[in-house]
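>>> Turn this into a model:
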Amino acid sequence: MRIKYLPLLIFALSALSVSAQIKHKKTMVINPAVGRPLAYADTPVSADIPRPKLVVGIVVDQMRWDYLYRYYSRYTNNGFKRLLNQGFSCENTQIDYVPTNTGPGHSCIYTGSVPAIHGIAGNDFIIQATGLSMYCAQDTSVRTVGSTSTAGQMSPRNLMTNTITDELRLATNFRSKVIGIALKDRGGIFPAGHTANAAYWLDDATGNWITSTYYMKDLPKWVKDFNDQKLAETYLKADWNPVYPIDSYIQSTADTTSRYEGAFKGTTSPTLPVKTSGLYKNNLGLIRSTPYGNTLTLDMAVAAINNENLGQNSVTDFLTVSFSSTDYVGHQFGPNSVEIEDTYLKLDRDLSTFLSYLDAKVGAGNYTVFLTADHGAAHNPTFLTDHNIPAGVWDDGVALKNLNQYLAAKYKIENMVISLTNYQVNFNNYVVKYAKLDENTLINDCITFLKDVPGVAYVINLKEAQTANVPEELRARIVNGYSVEHSGVVQVILKPGWYASRSATGTTHGTWNPYDTHIPLVFMGWGIPHGHLNRETHMTDIAATIAALLHIQAPNGCIGKPIPEALK
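Just a heads-up that it's a prediction; the model follows:
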């Protein structure tokens, strides 16, 4: 009897063993060489990595760090104040390179890299191999979609590395949606990356949002419907009126006829209100230089979220938004103007509306937002000197003319330097090669001449920048900003308070100084604690931090590090 029922007993015991394995989710691992079990391993249990439904990256073009606090008392509770009071603010975030411009800034934020690696050495740069000038997002191989103008001949192809948005697409096998939106093409294109579903920017000829054949052959119906609303014209018809009475803007220079500010064409003084309703005919691009440009950008962002179902996906989506109007207003009026203060007060209200919308649409706590800037801006030099602060304007056009005359007198060759763009000497390399001139001798000649030009602090041979006799902080930024393919051979560093400009009004950027390189950086929402940090962080750290938040790989050219204090 025992022998008769032994097979049944063995079967029963085996069944119990299998049941126990299933209960404890164990899997037998077989050695194929001998056919015997080696060990039991845990069976993978399906569980998604916790991530936000939506990441919204916000870049405020030309936003100095101190704007977070300069107008704080007049901000609403749900805009900049909410970001600061609920989010995590990195109070000492620095740009890692020079020159500080829009194209390199947006590229750095989303690649975690620098011009030496990602190749976007300026808004415009000289291709050293050909001597031709290249706009950073220029791509003549594509065509405009949504207009008959050439404003859509743009793409991210000049960007030599990928972005955090590309890495999200790769990590989810392209299931994540990524869309970039900005009035400026470069502000929409570079953040969205190479693999974006779409990037949209404004066409001045029509006031419509357009894209290029790099992304699609035709605009989606929702974009066409959005354009049909003619919102740019609607906003301009409403005129630019201040939020508060003009005499209450005590943080700004009195809004009288100011020699520090540039007036709109067709007006007699650079003061508010501005009757844009009488100025915009055949010039819908005027909206760029008003706070309404930011409002229009957020209108488009909301339309994209609604129609593309961003934040409703099974994986994380990413929306990049760049507010370009702050840069246009800043250039025209400068940091101490009523116009820039009013622009930030209006932007604060727009942000408040947008954050409330995200709460309702995606769910409070289900999205992560970060806000930063591509660069800052200097005070107007005349404004500074009127207040006994050293400053000045460096006319790079005059400097270029005089430098070429100096070289022509020695070498009997005209126009050997084709550009001083980005504060760099760019040689006519064909002429230098044809004349069999020694480049190092030419570089030394340029340094000898330029070091004595008023406003110049240092002149550096870029090929020897790592050993240049300049402060270490400057040396690192010069090295990081030097692209072999797209940068010149000599870097000019101006004295504090100086910048290159052809205008005495407004302001600009592009230098190494804190007013250009100290930018805001605030994270808020899913995965972000409340707090602030005063230790130095870097623009290159932004992409690395978002990568850590999302548990994905950092971009392939990233040199930044995650900011652990900003992550739960």
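>>> only C-alpha atoms for contact and neighbour calcs from this point on.
OK.
>>> Which residue is the nearest non-sequential neighbour of the residue nearest the centre of the chain?
What sits nearest the mean C-alpha location of the chain, by Cα atoms, centre = their mean, is His106, with 2.1 Å. In this structure, His106 finds its nearest non-sequential neighbour in Asp374, 5.7 Å apart by Cα to Cα, 6 or more residues apart in numbering.
>>> Kindly report the same for Ser133.
Leaving aside its sequence neighbours, Ser133 sits nearest to Ile126 (Cα to Cα, 6+ apart; 4.5 Å).
>>> Near the one you found, how many other residues are there?
25 (other Cα atoms under 10 Å).
>>> That one reaches Cys136, doesn't it?
No: the criterion here is Cα atoms under 8 Å, and Ile126 misses it with Cys136 at 10.1 Å.
>>> ok so, going back, spit out the contact partners of the residue nearest to His106.
Taking Cα atoms under 8 Å, 6 or more residues apart in numbering, we find Asp374 in contact with 59-63, 100-102, 104-106, 109, 519.
>>> Dump the residues you listed to TSV, plus distance to Leu83, pLDDT and secondary structure.
Formatted as TSV, the contacts of Asp374 follow (distance: Cα to Cα, whole Å; pLDDT from 0 to 100; DSSP: H, G, I helix; E, B strand; the rest coil):
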residue	distance to Leu83	pLDDT	secondary structure
Val59	14	99	strand
Val60	14	99	strand
Asp61	17	98	coil
Gln62	19	98	coil
Met63	15	98	coil
Thr100	25	98	coil
Asn101	25	98	coil
Thr102	23	98	helix
Pro104	25	98	helix
Gly105	21	98	helix
His106	21	98	helix
Ile109	19	99	helix
Ile519	15	98	strand
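>>> By neighbour count, which of these wins?
Gly105 (35 neighbours).
>>> Could you report the pLDDT at Tyr40?
What the model reports as pLDDT for Tyr40 is 42.
>>> what's the answer for Met28, then?
So Met28 comes in at 45 (pLDDT).
>>> Report the backbone C-alpha coordinates of stretch 197-210 in CSV.
Taking Å, rounded to 0.1, in the frame of the first residue of the first chain, the C-alpha atoms of stretch 197-210 are listed here in CSV:
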residue,chain,number,x,y,z
ASN,A,197,6.1,66.2,-30.8
ALA,A,198,6.0,69.9,-31.6
ALA,A,199,7.4,73.3,-31.0
TYR,A,200,5.5,76.5,-31.8
TRP,A,201,6.6,80.2,-32.1
LEU,A,202,5.1,83.5,-33.3
ASP,A,203,5.0,84.7,-36.9
ASP,A,204,5.1,88.5,-36.9
ALA,A,205,3.7,88.7,-40.4
THR,A,206,0.4,87.1,-39.4
GLY,A,207,0.4,87.2,-35.6
ASN,A,208,-0.2,83.4,-35.8
TRP,A,209,1.6,80.5,-34.1
ILE,A,210,3.7,78.5,-36.6
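>>> Need the mean per-residue confidence for that stretch.
Rounded mean pLDDT across stretch 197-210 is 98.
>>> same question, stretch 495-510
pLDDT averaged over stretch 495-510 gives 96.
>>> who touches it?
Contacts of stretch 495-510 (Cα under 8 Å, 6+ apart): 98-101, 259-262, 330-335, 375-382, 384, 390-397, 422-423, 455-457, 511, 513, 516.
>>> how about 7 Å then?
Residues from elsewhere that reach stretch 495-510, judged by Cα atoms under 7 Å, 6 or more residues apart in numbering: 98-101, 259-262, 330-334, 376-381, 390-396, 455-457, 513, 516.
>>> Helix or strand next in line after the helix or strand harbouring Ala476, which one?
In the assignment (DSSP states H and E), Ala476 maps to helix 472-481. Scanning forward in sequence from helix 472-481 by DSSP H and E, the next helix or strand is strand 490-494.
>>> How about exporting stretch 301-311 as PDB, limited to the C-alpha atoms?
Output of stretch 301-311 as PDB, limited to C-alpha atoms (Å, rounded to 0.1, in the frame of the first residue of the first chain):
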ATOM      1  CA  ALA A 301       0.100  76.800 -23.400                       C
ATOM      2  CA  VAL A 302      -3.300  76.200 -22.000                       C
ATOM      3  CA  ALA A 303      -4.600  75.300 -25.500                       C
ATOM      4  CA  ALA A 304      -1.800  72.800 -25.900                       C
ATOM      5  CA  ILE A 305      -2.500  71.100 -22.600                       C
ATOM      6  CA  ASN A 306      -6.300  70.900 -23.400                       C
ATOM      7  CA  ASN A 307      -6.000  69.700 -26.900                       C
ATOM      8  CA  GLU A 308      -3.000  67.400 -26.600                       C
ATOM      9  CA  ASN A 309      -4.200  66.000 -23.300                       C
ATOM     10  CA  LEU A 310      -0.900  66.800 -21.600                       C
ATOM     11  CA  GLY A 311      -0.800  65.400 -18.100                       C
END
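>>> Having no further points to raise, I will conclude here.
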